[in-house]
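*Asks:* Okay, sequence plus prediction incoming.
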Amino acid sequence: MTADSILIVEDSVTQTLRLQNTLEKNGFAVTAARDGRAALDALAQHRPTLVISDIQMPVMDGYELCRRLKADPALHGLPIILLTSLSAPQDIIRGLECGADNFVTKPYDDDFLLARIRSVLANRDLGPASAEAPIPIHFAGEHYEIAAGRRQILHLLLSTYETAVRTNADLIKAHEELKAAQALIIEAEKLRATARLAAGVAHEVRNPLSILEMGIDYLSSQPIDEAGQAIFQEMKEAVTRAAKVISGLMEESSPDKLGLRAASFNALLEAALDALRDDFARQRIEVVRRLAPGLPEPRVDAARISQLFSNLLANALHAMPDGGTLTVASGLTTVEASETAFDPGSRAGGQFHEGERVIFIEVADTGTGIAPEHLDKLFEPFFSTKPTGHGMGLGLTVARKIADMHRGRIRVANRPDGGACVSLIFKTV
């Protein structure tokens with residue numbers, strides 16, 4: 001069966017090639033003309049099944065081309081779709097006045113355009129509509145003579161209504177996304193204000209805490225009975241935990257300044273693993289390395305990336321108190337469509353492109369995993385799944401901040417076979 005042929009009338013070479021590619025992939029034979037005059041010349045040589053024309057063109061615009069086609073007895077039945085911005089009601093009236101069979105609003109979705117084309121071609125098979133007397137219309141101070149038939153008017157009105165419904169749905173979706181983003185911005189500002197306040201408190205507490213720690217060290221070195229030593233040890237552990245909380249607060253509220261230099265993620269991972277080697281051995285945790293060689297060395301703040309890796313490894317260590325397997329992997333991967341979506345919780349937002357090559361890091365454990373109701377809270381400051389006194393709730397908060405500062409993305413998910421996996425992606429430069 002011979003393919004339906006379509007004449008594209010468009011003065012933009014880029015738009016012509018894009019539309020031609022879409023149509024040819026869907027089985028249509030395509031020719032093109034750069035304006036209305038060139039289209040008439042092409043039609044004198046070959047009659048296509050359908051014409052798709054832009055409106056704004058030099059020499060002869062889409063409206064005039066449509067009028068010429070509908071006035072030509074040999075071309076009167078040739079359907080024409082106009083590509084328009086539909087910026088005013090006059091666009092509809094002018095389309096009816098010139099005899100257009102359908103509208104497609106720019107920018108258009110390929111599937112939507114193809115559906116319109118198939119609809120126009122299906123209606124073509126119904127045969128020509130009966131001729132009717134022109135209808136005079138006065139609108140916005142202008143006089144129009146609408147010579148379109150009832151079927152054509154109905155098609156254009158349905159086309160316009162469908163476009164309005166789609167536009168309204170897009171507006172509703174955009175409004176909901178805007179409200180969600182606004183709520184997140186408000187929440188983020190609250191968190192920043194809280195972080196600034198906490199950092200101020202931490203700064204004031206750090207010095208007295210240091211004095212306490214030195215006093216405990218001194219007193220515990222003096223002759224004292226066993227019970228007293230036990231009390232001093234508990235006090236020292238409590239002060240140490242408080243000092244870690246203060247350090248975390250100071251880090252979370254620290255300025256986003258980076259000392260960038262080319263660095264190997266694999267080398268930084270190895271250093272972080274080596275620092276916890278004794279802890280892994282003590283808890284009978286097997287470490288499996290799957291680090292791809294020859295990775296690009298992007299410019300990063302090595303100290304902060306090292307802290308990020310240390311936080312993730314420490315979390316994995318705490319998730320396996322009775323032993324298990326820690327798998328650390330790195331390599332290159334291609335960004336999928338799901339990774340390109342805007343992440344309102346991340347300061348980096350949606351900045352990866354589908355098909356982009358990126359560096360990935362994965363830290364997976366065989367612990368108990370994370371309760372589903374906790375997954376959305378993991379990056380909140382002070383949220384922790386550990387028992388009281390065993391976690392500050394700042395490790396992942398700081399990790400996310402560091403990833404964001406490096407234009408990276410961090411995600412946490414439960415593994416199908418048990419445990420959790422933290423996934424990171426970074427740009428290669």
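*Replies:* Yep, it's here.

*Asks:* and residue 410, that's in a strand?
*Replies:* Yes: secondary structure of residue 410 (DSSP: H, G, I helix; E, B strand; the rest coil): part of a strand.

*Asks:* does it really touch residue 397, like I thought?
*Replies:* No: contact status for residue 410 versus residue 397: not in contact, 10.8 Å apart, counting by Cβ atoms under 8 Å. Backbone N, C-alpha and C define where each C-beta goes, glycine included.

*Asks:* Residue 237: how many residues sit nearby?
*Replies:* Summarising burial for residue 237: neighbours were counted as other Cβ atoms under 10 Å, giving 12.

*Asks:* What's opposite residue 262 in the beta bridge?
*Replies:* When bridges are assigned using DSSP bridges, the partners listed for residue 262 are residue 299.

*Asks:* OK, contacts around it?
*Replies:* If a contact means Cβ atoms under 8 Å, 6 or more residues apart in numbering, then residue 262 has 297, 298, 299 as its contacts.

*Asks:* surely the first one meets residue 263?
*Replies:* Think residue 297. Yes: contact status for residue 297 versus residue 263: in contact at 5.9 Å, counting by Cβ under 8 Å.

*Asks:* Filter the contacts of residue 262 down to the buried ones, PyMOL style.
*Replies:* Of these, the buried ones can be selected in PyMOL as follows, counting by 16 or more other Cβ atoms under 10 Å:
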select buried, resi 297+298
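
*Asks:* could the contacts of residue 262 be laid out in TSV, adding pLDDT?
*Replies:* Supplementary listing: the contacts of residue 262 in TSV, determined by pLDDT from 0 to 100:
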residue	pLDDT
297	95
298	94
299	92
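
*Asks:* Using TSV, lay out the contacts of residue 262 together with distance to residue 331.
*Replies:* Supplementary listing: these in TSV, determined by distance: Cβ to Cβ, whole Å:
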residue	distance to residue 331
297	14
298	14
299	20
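
*Asks:* which of the contacts of residue 262 lies closest to residue 123?
*Replies:* Sorting these by how near they are to residue 123, with Cβ to Cβ, puts residue 298 at the top with 56.0 Å.

*Asks:* Tell me where the model's unsure across the stretch 251-400 of the chain.
*Replies:* Screening the stretch 251-400 of the chain residue by residue with the criterion pLDDT under 70, one finds the ranges 251-257, 341-350, 382-394.

*Asks:* could you redo the last one with a cut-off of 90?
*Replies:* Low-confidence segments of the stretch 251-400 of the chain (pLDDT under 90): 251-260, 303-304, 307, 311, 336-355, 368, 371-400.

*Asks:* what ranges do the strands span in it?
*Replies:* If DSSP state E, counting those that start in this stretch is used as the criterion, the strands of the stretch 251-400 of the chain fall at 261-262, 285-291, 299-300, 324-334, 357-364.

*Asks:* Show me where the chain has its helices.
*Replies:* 13-25, 36-45, 62-71, 89-98, 110-124, 150-220, 226-252, 265-275, 277-282, 302-319, 395-405 (DSSP state H).

*Asks:* how far out from the middle of the chain is the fourth one?
*Replies:* Helix 89-98 has its C-alpha centroid displaced from the chain centroid by 38 Å (Cα atoms, centre = their mean, to the nearest Å).

*Asks:* Next, the buried residues of it.
*Replies:* Neighbour counts using 16+ other Cβ under 10 Å place 91, 92, 93, 94, 95, 96, 97, 98 of helix 89-98 among the buried residues.

*Asks:* Which of the residues you listed lies at the shortest distance from residue 283?
*Replies:* Compare each of the buried residues of helix 89-98 with residue 283 using Cβ to Cβ and the shortest gap goes to residue 91, at 70.7 Å.

*Asks:* what's the distance between the closest one and residue 62?
*Replies:* Note on residue 91: its distance to residue 62, by Cβ to Cβ, to the nearest Å, is 11 Å.

*Asks:* what sits in contact with each of these two?
*Replies:* residue 84.

*Asks:* so what's residue 303 up against?
*Replies:* residue 259.

*Asks:* same thing but 10 Å
*Replies:* Residue 303 makes contact with 258, 259, 263, 268, 402, according to Cβ atoms under 10 Å, 6 or more residues apart in numbering.

*Asks:* Among those, filter down to the buried ones and hand me the ChimeraX syntax, if you would.
*Replies:* The buried residues among those can be selected in ChimeraX (16+ other Cβ under 10 Å) with this line:
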select :258,263,268,402
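
*Asks:* Same list (the contacts of residue 303) but as JSON lines, adding distance to residue 167.
*Replies:* Shown next, in JSON lines, are the contacts of residue 303 (distance: Cβ to Cβ, whole Å):
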{"residue": "258", "distance to residue 167": "43"}
{"residue": "259", "distance to residue 167": "48"}
{"residue": "263", "distance to residue 167": "48"}
{"residue": "268", "distance to residue 167": "49"}
{"residue": "402", "distance to residue 167": "41"}
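
*Asks:* per-residue pLDDT, residue 224?
*Replies:* For residue 224, the pLDDT comes out at 80.

*Asks:* just residue 34 next, same as before
*Replies:* Per-residue confidence (pLDDT) for residue 34: 92.

*Asks:* Skip the chain neighbours and tell me the closest residue to it.
*Replies:* Counting by Cβ to Cβ, 6 or more residues apart in numbering, residue 11 is the residue found nearest to residue 34 once chain neighbours are left out, at 5.3 Å.

*Asks:* Run a quick neighbour tally on the one you found.
*Replies:* As a measure of burial, residue 11 has 17 neighbours, counting by other Cβ under 10 Å.
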